[in-house]
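Peer 1: Make a model of this:
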Amino acid sequence: MKTILTSHHPANRRLLLIFSGWSTSPALYSDITAEGWDVMTLYDYSDLSLDTAPLEGYATIFVMAWSLGVVAAEYAARTSMRHIPVAAAFAINGTLFPAHDRLGIPSQIFDGTERTLNPRNLARFRHRLSSPRDPYRFPEDSPAAISPEEENDPERLIDRLRLELRTLRDLLSSLPDTPDSTCGMPWRRAYISDNDLIFPAAAQQNAWNQHPLHPAIFNMEGGHFIPLQNIARGITPDHQSIGHRFARAAATYADHASAQHSIARHLAEILPADHLPQSADMIEIGAGTGSLTRAIASRAEIGSATFIDLYPLSPFGLFASERYVEADAEEWLDSVPDGATDLIASASTIQWFADPARFFRNAMRILRPGGILLCSTFLPGNLAQLDSLRPTPLLYPDAGELSQMLHQAGFSHIALEDEKITLTFPTPRELLMHLKLTGVAGGTRALTRQILTLLPSPASLTYRPLYLRAIK
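Peer 2: As a prediction, this is how the structure comes out:
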């Protein structure tokens, strides 16, 4: 397997790794970008050895795998990439069973493609990647994955692509039969097109429903080809845009974020203040307008506090020493010395983190012995009324996953508590205004139009907060 870095900035420590579809060129993926992320494409499955040196040094890696790239990604995870910490993996129109009558491409079709492959049949295959009724059309003039040696030798190209099919067909047969959370890609979501003419949608449903990790299934309209940029944009948090959105809503947030205020108050109530030393040090992530800050100040004796957010904050003036940092908290925490603080607090923020496990590991390192991690995030089903209106809903780990991450980070005395908060609005327009005035959801024209036309009156929003307390 070969890699090519298509988007790079020296400051980026997050990587989006794309396992390409069979017979496609890296050029097909060259327009995929993600703010704050490098993007690398992996291709050519005729040789499955992989030099992982280009992957090392990244703090967070997400994998997107399309079509037969899904099984190639799984193989890489179980072999050459076993020491590479992939935080999440996303499958698009593919399964771990390349040739399977119930779980993949029907065996007769797969074998026939390999046996009769020639330039004309390759063109027919590429034509089937989309149909006239699909919302997206595969660019059939996009070059196949042609090396300089093959450019003037079509038969050499066909030989290589046929070899790739033979290699991929039985790729996992010699590996463990049942992947689990410690073996294989950490599949978080499977995207399935309803009109897929390569991997039948029913086969994909069957395959992912039986997978032991039970990835969330997201059904889409369209064919086998889907522009991956749309998915990349949905799965990689754009912290710059998130910061701008909440900064714009700062003046109205206090008057309209009733659910968030309730969450902050309850989070402070479960803080064991008597467990903290006198004049304790605190780091608060995503302090915003200070709901949690004030609630903690009324319960605990904090001597110094460091506030980190994506946009400039107005001074709170609640503690003897206050420091304000404008930064991406996931990245900034890497630079904090070991044993630097007694309390790390955050309300309604860490759901935006790309890699919660990385955050928990950093929190464990930064806290002093007996230190407290006090956070709230959200569970699957949060703002579920909007899921069908958004191209890629935010992916929330469930309580079990978060608990496992905390245990793996080394925390003890872990306490999790969930809640459901439902807000009702007379009309969809007022629900929309709530979202805009609190900065909770993006204000794209498409989402605005769908909210106004597709939600009923009265309209409701359901928040699913999870309260998390852990002690080092």
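Peer 1: Do me a favour and average the pLDDT over stretch 420-427.
Peer 2: Here stretch 420-427 scores 95 as its mean pLDDT.
Peer 1: oh, I was asking about stretch 366-381
Peer 2: 96.
Peer 1: next one: stretch 438-446
Peer 2: 68.
Peer 1: now do stretch 269-277
Peer 2: 93.
Peer 1: Show me the contact partners of it.
Peer 2: 295-296, 299-301, 342-343, 345, 370, 372, 374, 415, 417, 467, 469, 471 (CB atoms under 8 Å, 6 or more residues apart in numbering). Using the backbone N, CA and C atoms, a C-beta is placed for each residue, glycine as well.
Peer 1: now T95: how far from D196?
Peer 2: For T95, the distance to D196 (CB to CB, to the nearest Å) stands at 11 Å.
Peer 1: Overlap of the contact sets of those two?
Peer 2: Both T95 and D196 are contacted by Q204, under the criterion CB under 8 Å, 6+ apart.
Peer 1: Could you identify the longest helix within this protein?
Peer 2: helix 154-169 (DSSP state H).
Peer 1: mind listing what's buried in it?
Peer 2: Neighbour-count burial for helix 154-169, counted by 16 or more other CB atoms under 10 Å, picks out 157-158, 160-162, 164-165, 167-169.
Peer 1: Do you know the pLDDT at the residue positioned nearest the centre of the chain?
Peer 2: When CA atoms, centre = their mean is applied to the chain, the residue found nearest the centroid is I235 (4.1 Å). Listed pLDDT for I235 reads 89.
Peer 1: I285 reaches A305, doesn't it?
Peer 2: No. Look at I285 against A305 with CB atoms under 8 Å: they stay out of range, at 11.4 Å.
Peer 1: Which residues are in contact with W352?
Peer 2: Contacts for W352 (CB under 8 Å, 6+ apart) come out as 237, 239, 242.
Peer 1: Check P380 too.
Peer 2: Contact analysis of P380 by CB under 8 Å, 6+ apart lists 216, 396, 398, 464.
Peer 1: in what helix or strand does it lie?
Peer 2: Using DSSP states H and E, P380 sits in no helix or strand.
Peer 1: Look up how far L386 lies from it.
Peer 2: Counting by CB to CB, the gap from P380 to L386 is 13 Å.
Peer 1: Over to H8?
Peer 2: H8 is 34 Å from L386, by CB to CB.
Peer 1: Ok, C375 next?
Peer 2: Note on C375: its distance to L386, by CB to CB, is 23 Å.
Peer 1: who does the helix or strand in which Y324 is found pair up with?
Peer 2: Assessed by DSSP H and E, Y324 sits inside strand 321-326. Here strand 321-326 has these sheet partners by DSSP bridges: strand 302-309 (parallel).
Peer 1: Let me see the residues that make contact with the strand it pairs with.
Peer 2: For strand 302-309, contacts defined as CB under 8 Å, 6+ apart pick out 243, 278-288, 293, 296, 313, 316, 318-327, 329, 332, 341, 343.
Peer 1: Buried residues of stretch 49-66, list them for me.
Peer 2: Applying 16+ other CB under 10 Å to stretch 49-66 flags 50, 54-55, 58-66 as buried.
Peer 1: for the chain, which strand is longest?
Peer 2: strand 367-378 (DSSP state E).
Peer 1: how far is it from where the chain is centred?
Peer 2: Averaging C-alpha positions (CA atoms, centre = their mean, to the nearest Å) puts strand 367-378 23 Å from its chain's average.
Peer 1: ok, and what's touching it?
Peer 2: For strand 367-378, contacts defined as CB under 8 Å, 6+ apart pick out 263-264, 267, 270-272, 275-276, 339-351, 356, 360, 363-364, 396, 402, 406, 411, 463-472.
Peer 1: By mean pLDDT, flag the weakest helix or strand of this structure.
Peer 2: Ranked by mean pLDDT, DSSP states H and E, the weakest helix or strand in the chain is helix 239-248, scoring a mean of 77.
Peer 1: before we move on, which element is E417 in?
Peer 2: In the assignment (DSSP H and E), E417 maps to strand 412-418.
Peer 1: got the angle for that strand vs strand 367-378?
Peer 2: 20 degrees (axes from the mean of the first three to the mean of the last three CA atoms, to 10 degrees).
Peer 1: Not counting strand 412-418 itself, show me its contacts.
Peer 2: 270, 379, 399, 402-403, 406-407, 464-472.
Peer 1: just curious, which of those residues is nearest to F225?
Peer 2: L379 (33.0 Å; CB to CB).
Peer 1: and the closest one, what is it in contact with?
Peer 2: Contacts of L379 (CB under 8 Å, 6+ apart): 396, 398-399, 418, 464-466.
Peer 1: ok, and the closest non-adjacent residue to it?
Peer 2: Nearest non-adjacent residue to L379, counting by CB to CB, 6 or more residues apart in numbering: R464, 4.2 Å away.
Peer 1: ok, the one you found to F359 distance?
Peer 2: Computed as CB to CB, the R464 to F359 distance reads 20 Å.
Peer 1: which of the two has more neighbours?
Peer 2: F359 (22 against 18; other CB atoms under 10 Å).
Peer 1: mind checking how far the more buried one is from N152?
Peer 2: Counting by CB to CB - F359 and N152 are separated by 51 Å.
Peer 1: Low-confidence regions, the stretch 1-150 of the chain specifically.
Peer 2: 143-150 (pLDDT under 70).
Peer 1: tally of neighbours for the spatially closest residue to the residue nearest to the centre of the chain that is not a sequence neighbour?
Peer 2: If the residues on either side of it in the chain are set aside, I235 comes closest to F90, at 5.9 Å by CB to CB, 6+ apart. F90 sits with 28 neighbouring residues when counted by other CB under 10 Å.
Peer 1: swap in A320?
Peer 2: So A320, with other CB under 10 Å, has 9 neighbours.
Peer 1: what ranges do the helices span in the stretch 351-472 of the chain?
Peer 2: 356-366, 399-409, 428-438, 445-454 (DSSP state H, counting those that start in this stretch).
Peer 1: about what we covered before: tell me the helices and strands packed up against the helix or strand the residue nearest to I235 falls within.
Peer 2: Using DSSP H and E, F90 sits within strand 86-92. Using 3 or more CB pairs under 8 Å, 6 or more residues apart in numbering; DSSP states H and E, the elements in contact with strand 86-92 are strand 60-66, helix 69-78, strand 187-193, helix 228-235.
Peer 1: what's the first one packed up against?
Peer 2: For strand 60-66, the helices and strands in contact under the criterion 3+ CB pairs under 8 Å, 6+ apart are strand 14-19, helix 69-78, strand 86-92, helix 228-235.
Peer 1: Would you mind listing the outside residues contacting it?
Peer 2: Residues from elsewhere that reach strand 60-66, judged by CB under 8 Å, 6+ apart: 13-21, 37, 55, 72-73, 84-94, 185, 226, 228, 231-232, 235-236, 330, 354-355, 358.
Peer 1: now the third one
Peer 2: Taking contacts as CB under 8 Å, 6+ apart, the residues outside strand 187-193 that touch it are 88-93, 134, 201, 204-205, 208, 211, 213, 215-224, 226, 231, 235, 395.
Peer 1: what residues are up against the closest residue to Y311 other than its chain neighbours?
Peer 2: Nearest non-adjacent residue to Y311, counting by CB to CB, 6+ apart: A247, 3.8 Å away. By CB under 8 Å, 6+ apart, the residues touching A247 are 310-312.
Peer 1: ok so, going back, for L435, which of the helices and strands packed on strand 60-66 is the nearest?
Peer 2: Comparing the helices and strands packed on strand 60-66 by CB to CB, helix 228-235 comes nearest, at 17.0 Å.
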